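K.L.:
Sharing a sequence plus its predicted fold:
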There are 4 protein chains.
Amino acid sequence: MSSIFGEIFRVATFGESHGGAVGVVVDGCPPRLPLAESDIQVELDRRRPGQSDLVTPRREADACAIVSGVFRGQTLGTPICVMVGNTDARPDAYREMETAYRPSHADFTYQAKYGIRNWEGGGRSSARETIGRVAGGAIARKALCALHPSLEVVAFVESLHDLNASVDPLTVTREAVERHPTRCPDVAAAGQMAERIKAVRKAGDSVGGIIGCVVRGLPAGWGEPVFDKLDADLAKAVMSIPATKGVTFGSGFEGTRLFGSEHNDAFVVKDGRVGTETNRSGGIQGGISNGEPILLRVAFKPTATLLRAQKTVSVDVKPVELAARGRHDPCVLPRAVPIVEAMIWLVLCDHALRQRAQDALPRG
Amino acid sequence: MSSIFGEIFRVATFGESHGGAVGVVVDGCPPRLPLAESDIQVELDRRRPGQSDLVTPRREADACAIVSGVFRGQTLGTPICVMVGNTDARPDAYREMETAYRPSHADFTYQAKYGIRNWEGGGRSSARETIGRVAGGAIARKALCALHPSLEVVAFVESLHDLNASVDPLTVTREAVERHPTRCPDVAAAGQMAERIKAVRKAGDSVGGIIGCVVRGLPAGWGEPVFDKLDADLAKAVMSIPATKGVTFGSGFEGTRLFGSEHNDAFVVKDGRVGTETNRSGGIQGGISNGEPILLRVAFKPTATLLRAQKTVSVDVKPVELAARGRHDPCVLPRAVPIVEAMIWLVLCDHALRQRAQDALPRG
Amino acid sequence: MSSIFGEIFRVATFGESHGGAVGVVVDGCPPRLPLAESDIQVELDRRRPGQSDLVTPRREADACAIVSGVFRGQTLGTPICVMVGNTDARPDAYREMETAYRPSHADFTYQAKYGIRNWEGGGRSSARETIGRVAGGAIARKALCALHPSLEVVAFVESLHDLNASVDPLTVTREAVERHPTRCPDVAAAGQMAERIKAVRKAGDSVGGIIGCVVRGLPAGWGEPVFDKLDADLAKAVMSIPATKGVTFGSGFEGTRLFGSEHNDAFVVKDGRVGTETNRSGGIQGGISNGEPILLRVAFKPTATLLRAQKTVSVDVKPVELAARGRHDPCVLPRAVPIVEAMIWLVLCDHALRQRAQDALPRG
Amino acid sequence: MSSIFGEIFRVATFGESHGGAVGVVVDGCPPRLPLAESDIQVELDRRRPGQSDLVTPRREADACAIVSGVFRGQTLGTPICVMVGNTDARPDAYREMETAYRPSHADFTYQAKYGIRNWEGGGRSSARETIGRVAGGAIARKALCALHPSLEVVAFVESLHDLNASVDPLTVTREAVERHPTRCPDVAAAGQMAERIKAVRKAGDSVGGIIGCVVRGLPAGWGEPVFDKLDADLAKAVMSIPATKGVTFGSGFEGTRLFGSEHNDAFVVKDGRVGTETNRSGGIQGGISNGEPILLRVAFKPTATLLRAQKTVSVDVKPVELAARGRHDPCVLPRAVPIVEAMIWLVLCDHALRQRAQDALPRG
């Protein structure tokens, strides 16, 4: 059950880093949606290794194939299986992980949980698993934009290590994000970030950072009260991405320092409908969208796999040193931007269909 | 579907603030577990209104009744329904909310979503809904401790407005937390916090803060890779609590400022088993517990409902002013502590049973 | 998880025969639906004991209370909890079941599964559990008929022991069914059936029979391919009712004796739309409704609990004799009619909302 | 959601008859289970077309590939994706179905539901979809037999058209079933059945029949009360197989003609444990296995697709005649035997793990 996500628009992902292939089955997609491999490929290309000199050099075209669920360019309403082969697998480069656990990686916990693990490249805990998410997210985006053409999800690198960008979430565009290989839309900061990534790679070290994200153009009324709150489901979605350590909405932790009278977003009339003057709520109140932009921030820790030697323990529980070989990202953020967006599209599409299902009776 | 939580150990909550009753149905509880209403009541008492002069004066004993699923003091394995009546409902005190939306509350979003809402006390968005969670969490705790007696979940108030407590999560005890009505175990800070709460109440204002939480004594191997990571499920669980704005695990957002070589938790041999030297991971790696304490922090915004006048919009979309009457918490943190714990118990119990289910084959 | 049913329109039932109460939580009901206790009570009255001299004399008014989810006569979209108290519980009358297992009842299997059981009246395996289903079904009916006013579900007693009724499913009405306490709309057969029931009661014995059911007025296109076929979900729904031993759709087992050329339902043009000349498919093809009436039949075994002595085994695994006291139905069929209908309403409402959710894009 | 089945041991199938491939993702399989493609292939070979002169001549080797979830011959506990390519697709042979609906097939209902359909070979409603079920069932079988080595599921052709076999479910073996291409273990009846199938093929017609099935060697205590009864879940499982029209357990519809005193299965002591003297219950009481063999029967209608001309309606709602070309089974029963078994293995494996999960506390 661990690899199935969503209630109505559902994805089931599969695949290890060095197995035959990775992919996703999307169940519950609306029928009659125009869909081509190119709709998916454009997002996979943003996620793929080797896209710039800032990311892992593993050479994977990550070319996707739609195996089912599409007929003459339109979705059938039946499960859509999308597959991507693993072509540049080099299990030998990971042989040291057969006998020792990488610090702060999932090697040990997988072994503890399953009593077995695929140590060739991290198996299911590899970032390669996120291909299925990005493919599913691309389909969710296509479906949702067919219903709500003005809906936009834009994620971007907001900080990297101690370098902070200046980004206005209300105006930032996907184009601005894609302009630089860091996916930081603040050009000056982006340049510094690129230097920092190159420096830590050289040092056999790694860095993390914060990804900001905005959802614009969604209507009020999405999200469920109680457990499946829109922010709760979004929190789960982004916290399920490897290397995340935290998520906030709107005012986040800083908002805890304000009085209620300072923090509350006054309702105002905007174009004849209810809006808010400020947006410390981050677009969600009581777990339900209020029509204002959703604002969230996600913390990514520095990559755990380092090329420099680290103290660790072997599978037979003895102290050892481990320096990774293999091909690794010194910083996951540039490639994590489309993954964050994909997870958000999956949640939004599911909630849009859930709201559509329950809101069945005519409104007065 | 919005009010059902969990995969194997499942809770379904129900009830509005001012309807007949609130409660929970727990499905999937192990049979033959000794269970009495007092096991549940002790947790409800920590959550209930009127427990101190720092919280809402609404007078509710919140006395629970087990309606099903228990026979002669033991669980039957069938659904356990726990109910709590609403006795001190005063719908008249909320009449102003019939015609105007409280800023940063769920009044508007419920109306947008459902085209109807119970404006008497907030209906389903009221904190009163959390009674079902706390009752369910108490049962999860009882079940899980029967399997893992050394397991502990301790939440505490870590900061309130700009007041910070000093708390060591490795040693903090439930007793220390319960010693002061703020549920801050740092006595000096607790006193200041109590003063702050009283001051904002007097001013018709409110404050928020941060709840820290530690889980100690859990084994390695709980949590699922990919979507149902232990931290992802915990994040959803706590972010589904009203008024939360963010959650972090281990190093959180601060950890993004470190190099990987500074951030990684070196594995070391502890008592013959694998442990970590530091715990920036917060006890979870790759979504799976590593046997170290789980550390998380949750941000709660200041209470939205204020007794002072606020600018807002009426249901007929006109600018108005609104000052709440009714009975409200100037700060939700003292009562949120047992709610955070309850949600964590629910997640842990579900994941413990999931791991038990899948790990069916004998280990070498 | 065993007591939760449905994907979007979901019910969670709870309660033992002799515990405090039985009931249901309905999650996912459309908001703004007029709903009163009388909408539910009318169905509960058809199910309740003591309604005629053909059924168990246990005296239960089965008066229901809506505890949540309804505000001023309309559903809120939040969980609807409906409760019914157990008022005429007489645990002493079941004391012999504490020490011996009733043949063909669930006493032994519950003990084997759970290692504990509530022997006072059968606990969760009692027909009393079906109150929650009937209440949930009444709400599903109300919701679905608000969307599809011409939709009808009519179940009826088709045979009882070796007595067969003659009923035309295309024209049978609820009124005709309710005219006689047997719920057999063939008056002549109904009289004989009533005599048979009285005779077996006198003899301390029991009888079973077959319930037929028709769904009229539903559109084509409900039901999902593959696992959640409409007939598969209906089969599960009715086979989850106590005492059922089989279910068929359309031509059922008899249809296996025909050639394909005899069995196929020719498509014809009816009022400008596609219909079928015959209906051996029973209204479902490939798991999806085709717009023709759904026809199904459900086999109910004779009641297991007998007042005459039977050979059995004690809880300490010794041969013993057991004659039930307590109050039991000599034939479950008259009371099972509304239960069959309720389960079908639950499935239909869920599938209607599922189809509404997925069929989101405009049709050419 | 329509293509996902199970709660803990879950399968998600995908693929159309003439798309790129068909397959399954199995989530929740226990780790450390030895698993090879040959374990799956042996079951696919029993299902595949062209295996004898009684079935469709479509030439598909149906060679499976395990794409993920297995490492060096053992399951990882992560999703197992199994794929089978469509190699002998001939869409042209189905062109007549583009414009007219086959009677009693799913062509019309898919069009009604989705507003689009893959008319090349039936798309998702093709029996080819069952490859994913059989592959998943083979994995479930392997997992479950590792836990319960004596567990056996044996399905067989019990009747075909008006030809009845004589089969003792207590002793029938898989070997006896596999001995004849009809999969009827009564050799004399099998010969007649083979002749009948050849005769109807020649006549451009088709026949149906009944598959019997027995589960032997399972413990008491599997199955959940209320909705997820073992018989209810088995009923759904087999009724989700294409062409099924009914299912019965134990005494089925015939049992409705008996008195309770004739029908009840007396409990007796067998080898020191509780058993039953007769087995009209079919091994399940109150939805839970009682340790006796599970007995079920499934009705399959005659194949809908006929090579002779039939009256039907075109997609533009005009009366037309349709005679299929393409390659079709004149009788689905021989190939349905492994499909019935696969669905039963899926249900049993899921329920075994569910029972394992909930029955967590030590027994007295």
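P.N.:
Thanks, I have it. Everything quoted here is computed from the prediction, not taken from an experiment. Numbers count the residues shown, from 1 in each chain, chains lettered A, B, ... in the order given.
K.L.:
drop to CA atoms for contacts and neighbour counts, all remaining ones
P.N.:
Will do.
K.L.:
A:G20 against A:A89, yeah?
P.N.:
No. Under the criterion of C-alpha atoms under 8 Å, A:G20 makes no contact with A:A89, lying 9.2 Å away.
K.L.:
Run through who's touching stretch A:222-233.
P.N.:
A:249, A:284, A:286-289, A:347, A:351-352, A:355, B:2-5, B:113, B:124-125, B:129, B:235-241 (C-alpha atoms under 8 Å, 6 or more residues apart in numbering or on different chains).
K.L.:
try 7 Å
P.N.:
A:284, A:286-289, A:347, A:351-352, A:355, B:2-5, B:113, B:125, B:236, B:239-240 (C-alpha atoms under 7 Å, 6 or more residues apart in numbering or on different chains).
K.L.:
For that stretch, measure first residue to last.
P.N.:
11 Å (C-alpha to C-alpha, to the nearest Å).
K.L.:
What pLDDT is listed against the residue of the stretch 151-300 of chain A found nearest chain D?
P.N.:
Proximity of the stretch 151-300 of chain A to chain D (C-alpha to the nearest C-alpha) peaks at A:S240, 15.5 Å away. Looking at A:S240, its pLDDT stands at 98.
K.L.:
Check A:M1 too.
P.N.:
54.
K.L.:
The residue of the stretch 251-364 of chain A found nearest chain C - how many residues pack around it?
P.N.:
Closest approach between the stretch 251-364 of chain A and chain C, counting by C-alpha to the nearest C-alpha: A:A357, at 4.5 Å. By other C-alpha atoms under 10 Å in any protein chain shown, 26 other residues sit near A:A357.
K.L.:
Next, give phi and psi for the residue of the stretch 151-300 of chain A closest to chain D.
P.N.:
Phi and psi for A:S240, reported as degrees, to the nearest 10, are phi -90, psi -10.
K.L.:
again, but for A:L147
P.N.:
phi -90, psi -40.
K.L.:
count of residues packed around the spatially closest residue to it that is not a sequence neighbour?
P.N.:
Nearest residue to A:L147 in three dimensions, chain neighbours excluded: C:L361, at 6.9 Å (C-alpha to C-alpha, 6 or more residues apart in numbering or on different chains). Close neighbours of C:L361, defined as other C-alpha under 10 Å, add up to 15.
K.L.:
what does A:G20 give?
P.N.:
18.
K.L.:
any idea where the strands of the stretch 101-250 of chain A begin and end?
P.N.:
A:152-160, A:163-164, A:209-216, A:244-249 (DSSP state E, counting those that start in this stretch).
K.L.:
any idea which of these is most buried?
P.N.:
strand A:244-249 (a mean of 29; mean count of other C-alpha atoms under 10 Å in any protein chain shown).
K.L.:
Next secondary structure after that one?
P.N.:
Downstream of strand A:244-249, the next assigned helix or strand under DSSP states H and E is helix A:260-263.
K.L.:
which residues are contacting that following helix?
P.N.:
A:G255, A:R280, B:D205, B:S206, B:V207, B:P302, B:T303, B:A304.
K.L.:
which bits of chain A sit near chain C?
P.N.:
When proximity is defined by C-alpha under 7 Å from any C-alpha of the partner chain, chain A lies next to chain C at A:28-31, A:147, A:353-354, A:356-361.
K.L.:
Could you check how many residues crowd around the spatially closest residue to A:F259 that is not a sequence neighbour?
P.N.:
Residue nearest to A:F259 in three dimensions, not counting chain neighbours: B:V207, with 5.0 Å by C-alpha to C-alpha, 6+ apart. Per other C-alpha under 10 Å, the neighbour tally for B:V207 reads 30.
K.L.:
B:V207 touches B:L163, doesn't it?
P.N.:
No. B:V207 lies out of contact with B:L163 (C-alpha atoms under 7 Å); the separation is 10.8 Å.
K.L.:
now the contacts of helix A:260-263 as a markdown table including pLDDT?
P.N.:
Converted to a markdown table, those look like this (pLDDT from 0 to 100):
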| residue | pLDDT |
| --- | --- |
| A:G255 | 98 |
| A:R280 | 98 |
| B:D205 | 96 |
| B:S206 | 97 |
| B:V207 | 98 |
| B:P302 | 98 |
| B:T303 | 95 |
| B:A304 | 94 |
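K.L.:
Most widely separated two among these?
P.N.:
Maximum pairwise distance in the contacts of helix A:260-263, criterion C-alpha to C-alpha, is 16.8 Å, between A:R280 and B:D205.
K.L.:
Which one's more surrounded, the two?
P.N.:
B:D205 (25 against 22).
K.L.:
which ones are touching the more buried one?
P.N.:
A:F259, A:G260, A:S261, B:L306, B:L307, B:R308, B:P330.
K.L.:
hmm, 10 Å instead?
P.N.:
Counting by C-alpha atoms under 10 Å, 6 or more residues apart in numbering or on different chains, B:D205 touches A:259-262, B:197-199, B:302-309, B:329-331.
K.L.:
pLDDT score assigned to the closest residue to A:G217 other than its chain neighbours?
P.N.:
Of all residues not flanking A:G217 in the chain, A:L151 sits nearest, at 4.5 Å (C-alpha to C-alpha, 6+ apart). Note on A:L151: pLDDT of 98.
K.L.:
Surely A:L151 and A:P219 touch.
P.N.:
Yes. Counting by C-alpha atoms under 10 Å, A:L151 touches A:P219, with 8.9 Å between them.
K.L.:
joint contacts of these two?
P.N.:
Joint contacts of A:L151 and A:P219 (C-alpha under 10 Å, 6+ apart) do not exist.
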